[in-house]
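Engineer: Would you be able to build a 3D model of this:
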Amino acid sequence: MTPTNTQPDVSSSVEEEKSQSLMAKLLEEQGELPIPEVGEIIEGTVISASKNEVHLDIEGLSAGVIRGPELIDESGEYSELKVGDIAQGTVIDMENENGEIELSIRQAGHKKAWDSLERLMREEEIVEAEIIDANKGGLLVRVGRVAGFLPVSQLTIEHYPRVEGGNKNKILEKLQSYITDKFKVRVIDVDEVEDKLIVSEKAAKEEEHKKIISKYKVGDKVDGRITGVVDFGAFIEFGEGLEGLVHISELAWQRIDDPRDFIKVGDVVKAEIISIDNSKISLSIRRLQEDPWKVVVKKYKEGDVVEGTVLKVNPFGIFVELDKDIHGLAHISELSSKKISSPKEVVEIGKDYKFKILTIEPNDHRLGLSMKALEEPSSAKAPEGKKEEKKDEESEDKPDEKKDEKKEEANSEEKPDEKIDKDVEDVKEEKAEEKPEDKE
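Structural biologist: Sure thing, here's the model as predicted:
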């Protein structure tokens, strides 16, 4: 009879021990998986996805869920998740009512989106911005999934709303016409804390403009078209999409109060470049025209009596057009030998009057006029005659009183606008009652 082997299977026991030893070693090496904290970003695999809810398998831990507004992703990276995709989310709750980790793509995406915008600004990269709305100050845009603002001042010539008269409603209409368009822009200001994003279309074309501007220099003559007229001058578009400003003082040699009376949008003009400061170009139209003041002494002389049209009335005097190129100034003290408080008591805008030329200063483009110098001797000097007639009748012992009277008359002639005389004021009031149409 063969004896029975009662010894244990040593080889099998050894293999089991080796396996357990290896598992222990692996567990020891890996340690326990770290438990995430609220605010941390963790990664998972999408196991189900719908419009309002996405479930993730967080390996080694649990299931995670992203719901409702937390699915909004400004970075655009996780905007269309499907089963099998890997996604990251910020932990906002370690355990919800279903025992799942509550996650947010919105927070993680927000951070990524603004980090990306800061990089775009640093690297001066040009991106595309979609116009989503407009107000009187500029355009509301979207860069990626982040809303921003494009100020009117940062628009290029092509899109700048130059509206005649600066009508704000028409400016808004022009800006609203760009809604749904896409502009090439550059990020010029980013502030994640204040949720502020400012972009510039002008800056996006700055390098391109610099290359074009480098082809021009001060003194060059250009042909252009008036694209806008404002109170302080006019804008001219010329060359390859360049624009320069002609200040009101550089429009013409004569005085101009309103550029719109001299030039209009659409006019084709010639101009000279008088300064270039980075992308800012200043132009002049008048410098391409002969200075009429160089020959003014051939047309007019001091002492000449001329006829001119009143163009403008100021508290200190009036501006008078003698001809198309030459304008003169008649100070309020030269409008009448009587004291007046406003030139409007003597003249009306648009009417013609005769003047005597007192001074001509070609270098300073000034010509002084006077109406008072043309007045015929009148009863204004009668008191002097009466004094002569009554000279013998007056008392010899009052020389001071006579000196005061002569002093007042002298003041009346030299500075009628500064003399305060009650009798003259009374005369003015009487005349005002007789001729109310003389005052405005």
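Engineer: which ones are touching R142?
Structural biologist: With contacts defined as C-beta atoms under 8 Å, 6 or more residues apart in numbering, R142 is in contact with 129-130, 132, 148. In this view, the C-beta of every residue, glycine as well, is placed from N, C-alpha and C.
Engineer: The stretch 101-250 of the chain: helices as residue ranges?
Structural biologist: Under the criterion DSSP state H, counting those that start in this stretch, helices of the stretch 101-250 of the chain are mapped to 105-122, 168-176, 201-204, 206-213.
Engineer: just the buried members of the contacts of R142?
Structural biologist: Those of the contacts of R142 that meet the buried threshold are 129, 148, by 16 or more other C-beta atoms under 10 Å.
Engineer: from the contacts of R142, which is closest to E243?
Structural biologist: The nearest member of the contacts of R142 to E243, counting by C-beta to C-beta, is A129 at 21.6 Å.
Engineer: Hmm, V146 and the closest one touching each other?
Structural biologist: No: between A129 and V146 there is no contact, the gap being 10.0 Å when judged by C-beta atoms under 8 Å.
Engineer: Tell me if I am right that H55 is in a helix.
Structural biologist: No: with DSSP: H, G, I helix; E, B strand; the rest coil as the criterion, H55 is located in strand rather than a helix.
Engineer: Give the bridge partners for it, please.
Structural biologist: Legend: beta-bridge partners of H55 under DSSP bridges are S48, V65.
Engineer: now L283
Structural biologist: On DSSP bridges, the residues paired with L283 through beta bridges are V246, I273.
Engineer: count of residues packed around K324?
Structural biologist: Using other C-beta atoms under 10 Å as the criterion, K324 is surrounded by 10 other residues.
Engineer: Identify the spatial nearest neighbour of it, chain neighbours not counted.
Structural biologist: With sequence-adjacent residues excluded and distances taken as C-beta to C-beta, 6 or more residues apart in numbering, K324 is closest to Q254, at 7.3 Å.
Engineer: That neighbour sits in which helix or strand?
Structural biologist: Following DSSP states H and E, one finds Q254 outside all helices and strands.
Engineer: tell me the contacts of it?
Structural biologist: So, once contact is read as C-beta under 8 Å, 6+ apart, Q254 ends up touching 292, 321, 324-327.
Engineer: Can you select the buried ones among those for me in ChimeraX?
Structural biologist: A single ChimeraX command suffices to select whichever of the contacts of Q254 are buried according to 16+ other C-beta under 10 Å:
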select :292,321,325,326,327
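Engineer: contact partners of stretch 93-104?
Structural biologist: In this structure, residues lying in contact with stretch 93-104 by C-beta under 8 Å, 6+ apart are 35-36, 38, 42, 44, 55-56, 58, 61-67, 70, 89-92.
Engineer: ok, now with 7 Å
Structural biologist: Among residues not part of stretch 93-104, those counted as contacts by C-beta atoms under 7 Å, 6 or more residues apart in numbering are 38, 56, 58, 62-66, 70, 89-92.
Engineer: that older thread, what separation do you get for the residue nearest to K324 and H159?
Structural biologist: Applying C-beta to C-beta, to the nearest Å, one obtains 35 Å for the distance of Q254 from H159.
Engineer: repeat for G99
Structural biologist: 55 Å.
Engineer: So which of those two has more stuff around it?
Structural biologist: The residue with the greater number of neighbours, taking G99 and H159 and applying other C-beta under 10 Å, is H159; the counts read 19 against 8.
Engineer: residue contacts, that one?
Structural biologist: Contacts of H159 (C-beta under 7 Å, 6+ apart): 178, 201.
Engineer: you'd agree L335 is up against M371?
Structural biologist: Yes: counting by C-beta atoms under 7 Å, L335 does reach M371; the two are 5.1 Å apart.
Engineer: of the two, who's got more company?
Structural biologist: Of the pair L335 and M371, L335 is the one with more neighbours under other C-beta under 10 Å, namely 24 against 20.
Engineer: What sits closest to that one if chain neighbours are left out?
Structural biologist: Spatial nearest neighbour of L335, excluding adjacent residues (C-beta to C-beta, 6+ apart): V346 at 4.6 Å.
Engineer: Would you check that the one you found makes contact with S336?
Structural biologist: Yes: under the criterion of C-beta under 7 Å, V346 makes contact with S336 at 5.4 Å.
Engineer: Can you give me the pLDDT of the closest residue to D73 other than its chain neighbours?
Structural biologist: Spatial nearest neighbour of D73, excluding adjacent residues (C-beta to C-beta, 6+ apart): G109 at 3.7 Å. With respect to pLDDT, G109 scores 76.
Engineer: H55 versus L103, what's the distance?
Structural biologist: In terms of C-beta to C-beta, L103 sits 10 Å off from H55.
Engineer: where does the stretch 151-300 of the chain have low pLDDT?
Structural biologist: Residues of the stretch 151-300 of the chain meeting the criterion pLDDT under 70: 164-166.
Engineer: ok, the residue nearest to D73 touching E70?
Structural biologist: No: if you go by C-beta under 7 Å, G109 and E70 don't touch, sitting 9.7 Å apart.
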